[in-house]
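> here is a sequence together with a model predicted from it:
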Amino acid sequence: MKLALAAALLTASSAVAQNNNVPADLTGGPVAATDLVPVDITTSVGKIVVALDRTHAPKTTANFLKYVDLHKFDGEIFYRVMPYDENGGLIQGGIQSDGRKLLAPVAHEPTDKTGIKHTAGAISLANGGPGTARADFFILTTDIPGLDAGPHGPGFAAFGHVVEGMDVVKKIYASPVSPTKGVGEMQGQMLDPPIKIIKVSRSK
């Protein structure tokens with residue numbers, strides 16, 4: 001992964017297919033069932049269903065669910081695509097309408113602690129450094145191991161995976177971008193027009 005691309009994956013507030021790599025147990029103890037919380041992300045181009053891993057990434061999952069349960073994502077947007085390689089990259093969305101909708105930052109849960117890697121279909125929180133993540137999130141269309149924790153840094157906090165609607169994720173990734181909008185490394189990555197997030201809710 002180009003480190004410059006990873007460094008550009010910041011929260012908006014600071015800048016104004018299924019992941020099967022989750023270990024059943026990280027301590028060597030008895031294998032426990034993973035507590036997955038399904039969430040529907042309904043967009044103007046279709047629905048994405050993500051399963052959030054409350055067992056291995058409890059703080060990150062609880063943070064995201066607060067925004068879901070308070071309906072803070074409703075009416076927001078997917079606003080960015082970041083290319084990575086010939087197989088794809090990621091789409092990024094979150095709260096762009098009003099900074100007052102943001103909650104307190106969440107403690108960082110790195111991939112070397114959770115075991116949830118940045119593979120195709122993973123959902124992860126954007127951040128401007130450990131302990132700064134709030135509401136911005138991204139979904140991968142391809143494996144991007146450079147976003148995992150490692151010698152280069154603490155990486156980002158993946159906390160679940162897409163279980164339905166990867167075709168919608170890829171449709172958003174393939175949507176038009178502005179050649180001029182965006183600052184610095186984000187220039188040329190801003191969706192134009194952005195994709196509307198109609199509603200985010202726990203799956204029924």
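In hand now; what should we look at? Residues are numbered from 1 along each chain as shown.
> strands of the chain, residue ranges please.
36-43, 46-53, 77-85, 88-94, 122-125, 137-140, 157-164, 190-202 (DSSP state E).
> please name the strands paired to the first one in the sheet, noting orientation.
Spelled out, that is strand 36-43. Strand pairing for strand 36-43, using DSSP bridges, gives strand 46-53 (antiparallel), strand 190-202 (antiparallel).
> buried residues in it, which are they?
Judged by neighbour count (16 or more other Cβ atoms under 10 Å), strand 36-43 contains these buried residues: L36, V37, V39, D40, I41, T42, T43. All C-beta spots, glycine's among them, are computed from the backbone N, C-alpha and C.
> again, but for the second one
For strand 46-53, a neighbour-count test (16+ other Cβ under 10 Å) marks I48, V49, V50, A51, L52, D53 as buried.
> K196 versus G46, what's the distance?
Distance, G46 to K196, using Cβ to Cβ, to the nearest Å: 11 Å.
> was I right to think F78 contacts L191?
Yes - between F78 and L191 there is a contact under Cβ atoms under 8 Å: 6.4 Å.
> circling back to that earlier point, tabulate the buried residues of strand 36-43 in TSV, adding columns for distance to V68.
Shown next, in TSV, are those (distance: Cβ to Cβ, whole Å):
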residue	distance to V68
L36	14
V37	9
V39	6
D40	9
I41	9
T42	12
T43	15
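> ok, the buried residues of strand 46-53 vs T132, which is closest?
Nearest to T132, judged by Cβ to Cβ, of those is L52 at 20.1 Å.
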